[in-house]
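Need coordinates for the below:
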Amino acid sequence: MLMPMAISFTKQSYVTRYPGVLFSPRQSSYFCVSAKNIFRKTCRRELEFKQQCHHALFRSKDKAAFSSSMHHQANEEDVSRATLIWRAIKLPIYSVALVPLTVGSAAAYLQTGMFSARRYFVLLISSILIITWLNLSNDVYDFDTGADKNKTESVVNLVGSRTGTLVAAYLLLVLGFIGLTWASVEAGNLRAIMLLTCAVICGYIYQCPPFRLSYQGLGEPLCFAAFGPFATTAFYLLIGSTRENLCLSITATILSASLLVGLTTSLILFCSHFHQDTFFIAQVEGDQNVGKMSPLVRLGTERGSVVVKWAVMTLYSLLFAIGLSRALPLSCIFLCAMTSPIGKLVVSYVEENHKDKGKIFMAKYYCVRLHALFGAALVAGLITARILVIKHIPKLVFQ
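Residues are numbered from 1 along each chain as shown. Here you go, the predicted model:
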């Protein structure tokens, strides 16, 4: 008696709670469709949840990178004033004044067997004064555009006077150009002062208003022309010319050497952009806001590292091509080829650290080492060719 009642109670409760069991075939079909829709919604929600987790993971990585950048900036703020002054002086960069002059002098010695120490040192001091003008005026005009707003080692930020920095810059330019003019008058070579004037003009339109061609990504071609064919050839003419020998010929040797010097100098400028312009997106946007479209702002650091690799490969390929044409003595080719390990170091360092702002700062200094060592190898090769009386007759290009 109790069992039927229990069963009846169970059936009644089940029917009452789940009346869908007694649905008609049409209602059952509708129920199946609803179940499928619920299943699809559930799958869609699971997919959305996974996507949210995926995006959250990337946001956490971005936050970690941002936190790392803030930590790096905090460390930059803790740098001592003495370190900032050292960075502002940029002493290693002055190799760009030494190398063109010394290579040009060595080429003149190979051609004429002459060397004037007094004229050499006057030209060296004048070149250093002009390079200082380039650095100071560059800081002033970058300060005006806001590009150096957060650059702690900017001379304007350190000194606190834009006008004083600009006046000092142009005073140094005048003094440097007076020295160059004196050397040209003493040597009696007007072609040299014309070439040096072209080099200074390249420096001016590189950074000074209204031109500011560096903001259009044209800094590297101007740097190549100024320090390569213009300056190196001019120094060759000044060191090798005398009042008795006014018509020193421009040979394939000096032109080849100047191309190599210009290429290594431009590489220094290109690698300096890794630290200055392009590590973080915010910095890139900041440069774009002030209109500074350097090559790395346009390319990005990934493709920029590829450009560095191809530039170094081009340097040594051009060296061997010049060697085959015998425009340079074999001693130059051999000694310059021995600098290839430092070239490989530049490439590997940039490839491995182009996204690390703390480390990529050193890339331009590795390029300075390459520039200095490659230039020293050129000089040693030219002098060796003269001393050992290796049969090398420079090909005449211009009389």
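
In the stretch 201-350 of the chain, where is pLDDT below threshold?
Counting by pLDDT under 70, the stretch 201-350 of the chain contains low-confidence residues at 246, 275-292.

What segments of it are strands?
250-251 (DSSP state E, counting those that start in this stretch).

Quickly find the element holding the residue nearest to residue 207 when sequence neighbours are not counted.
Residue nearest to residue 207 in three dimensions, not counting chain neighbours: residue 138, with 4.8 Å by C-beta to C-beta, 6 or more residues apart in numbering. C-beta here means a position set from N, CA and C on the backbone, and glycine is covered the same way. For residue 138, the element it lies in under DSSP states H and E is helix 117-145.

right, and the helix or strand after that helix?
Reading on from helix 117-145 to the C-terminus, the next helix or strand found by DSSP H and E is helix 155-159.

Which SSE is immediately downstream of that following helix?
Using DSSP H and E, the helix or strand that follows helix 155-159 towards the C-terminus is helix 162-187.

Tell me what angle that following helix forms with helix 117-145.
150 degrees (axes from the mean of the first three to the mean of the last three C-alpha atoms, to 10 degrees).

quick revisit: is it correct that the residue nearest to residue 207 is in contact with residue 212?
No. Checked against C-beta atoms under 8 Å, the pair residue 138 and residue 212 is beyond contact range at 10.3 Å.

still on that earlier bit, do you know how far the residue nearest to residue 207 is from residue 337?
Applying C-beta to C-beta, to the nearest Å, the value for residue 138 to residue 337 is 34 Å.

The two: who's more crowded?
Shown here are residue 138 and residue 337; by other C-beta atoms under 10 Å, residue 138 has more neighbours (20 against 14).

how far does stretch 124-143 sit from the chain's center?
Using C-alpha atoms, centre = their mean, to the nearest Å, the mean C-alpha position of stretch 124-143 is found 18 Å from that of the whole chain.

List the buried residues for that stretch?
With burial defined by 16 or more other C-beta atoms under 10 Å, the residues of stretch 124-143 counted as buried are 124, 126-143.

Export that stretch to CSV, keeping only CA atoms.
Presented in CSV, the C-alpha positions along stretch 124-143 are these (Å, rounded to 0.1, in the frame of the first residue of the first chain):
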residue,chain,number,x,y,z
LEU,A,124,92.8,68.7,-36.1
ILE,A,125,92.0,71.5,-33.6
SER,A,126,89.8,73.2,-36.2
SER,A,127,88.0,70.0,-36.9
ILE,A,128,87.4,69.4,-33.2
LEU,A,129,85.9,72.9,-32.9
ILE,A,130,83.6,72.3,-35.8
ILE,A,131,82.4,68.9,-34.4
THR,A,132,81.7,70.6,-31.1
TRP,A,133,79.6,73.2,-33.0
LEU,A,134,77.7,70.3,-34.5
ASN,A,135,77.0,68.7,-31.2
LEU,A,136,76.0,71.9,-29.3
SER,A,137,73.8,73.3,-32.1
ASN,A,138,72.2,69.9,-32.5
ASP,A,139,71.3,69.9,-28.8
VAL,A,140,69.9,73.5,-29.1
TYR,A,141,67.7,72.8,-32.1
ASP,A,142,66.5,69.5,-30.7
PHE,A,143,65.6,71.3,-27.5
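
pLDDT (mean, whole number) over that stretch?
Confidence over stretch 124-143, taken as the mean pLDDT, stands at 92.

what's it in contact with?
Contact partners of stretch 124-143, identified using C-beta atoms under 8 Å, 6 or more residues apart in numbering, comprise 88, 90, 93-94, 96-98, 100-101, 148-149, 151, 154-157, 162, 165-166, 168-170, 172-173, 175-180, 183, 200, 203, 206-209, 212, 231.

For residue 295, give its distance to residue 174.
In this structure, residue 295 and residue 174 are separated by 32 Å, where distance is defined by C-beta to C-beta.

Which residues does stretch 173-187 contact?
Applying C-beta under 8 Å, 6+ apart, the set of residues contacting stretch 173-187 is 119, 122-123, 125-130, 133, 137, 190, 192-193, 196, 200, 237-239, 241-243.

Tell me the spatial nearest neighbour of residue 320, not counting adjacent residues.
Going by C-beta to C-beta, 6+ apart, residue 320 has residue 333 as its nearest residue, at 6.9 Å.

Any regions of the stretch 51-200 of the chain where pLDDT drops low?
51-79, 81, 148-150.

again, only using 90
For the stretch 51-200 of the chain, residues meeting the criterion pLDDT under 90 lie at 51-93, 113-114, 138-139, 141-162, 188-190.

Which one of residue 295 and residue 174 is surrounded by more residues?
A side-by-side neighbour count of residue 295 and residue 174, using other C-beta under 10 Å, places residue 295 first with 20 against 11.

Ramachandran coordinates for the closest residue to that one other than its chain neighbours?
Nearest residue to residue 295 in three dimensions, chain neighbours excluded: residue 217, at 5.1 Å (C-beta to C-beta, 6+ apart). As for residue 217, its main-chain torsions (degrees, to the nearest 10) stand at phi 80, psi 20.

how near is residue 217 to residue 198?
Using C-beta to C-beta, residue 217 is found at 21 Å from residue 198.

Equivalent analysis for residue 101, please.
Taking C-beta to C-beta as the measure, residue 101 and residue 198 are separated by 16 Å.

Tell me which of the two has more neighbours.
residue 101 (25 against 15).

Only the C-alpha atoms, please, for the helix or strand that contains that one, written as PDB.
Take DSSP H and E as the rule and residue 101 turns out to sit in helix 95-112. Included here for helix 95-112 are C-alpha records, laid out as PDB according to Å, rounded to 0.1, in the frame of the first residue of the first chain:
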ATOM      1  CA  SER A  95      87.100  60.200 -33.800                       C
ATOM      2  CA  VAL A  96      85.000  61.500 -36.700                       C
ATOM      3  CA  ALA A  97      87.300  64.500 -36.700                       C
ATOM      4  CA  LEU A  98      90.500  62.400 -36.300                       C
ATOM      5  CA  VAL A  99      89.900  59.700 -38.900                       C
ATOM      6  CA  PRO A 100      89.200  61.700 -42.100                       C
ATOM      7  CA  LEU A 101      92.100  64.000 -41.400                       C
ATOM      8  CA  THR A 102      94.600  61.200 -40.700                       C
ATOM      9  CA  VAL A 103      93.400  59.100 -43.600                       C
ATOM     10  CA  GLY A 104      93.700  62.100 -45.900                       C
ATOM     11  CA  SER A 105      97.100  62.900 -44.600                       C
ATOM     12  CA  ALA A 106      98.300  59.300 -45.100                       C
ATOM     13  CA  ALA A 107      97.000  59.300 -48.700                       C
ATOM     14  CA  ALA A 108      98.900  62.600 -49.300                       C
ATOM     15  CA  TYR A 109     102.000  61.000 -47.800                       C
ATOM     16  CA  LEU A 110     101.600  58.000 -50.200                       C
ATOM     17  CA  GLN A 111     101.300  60.300 -53.200                       C
ATOM     18  CA  THR A 112     103.900  63.000 -52.400                       C
END
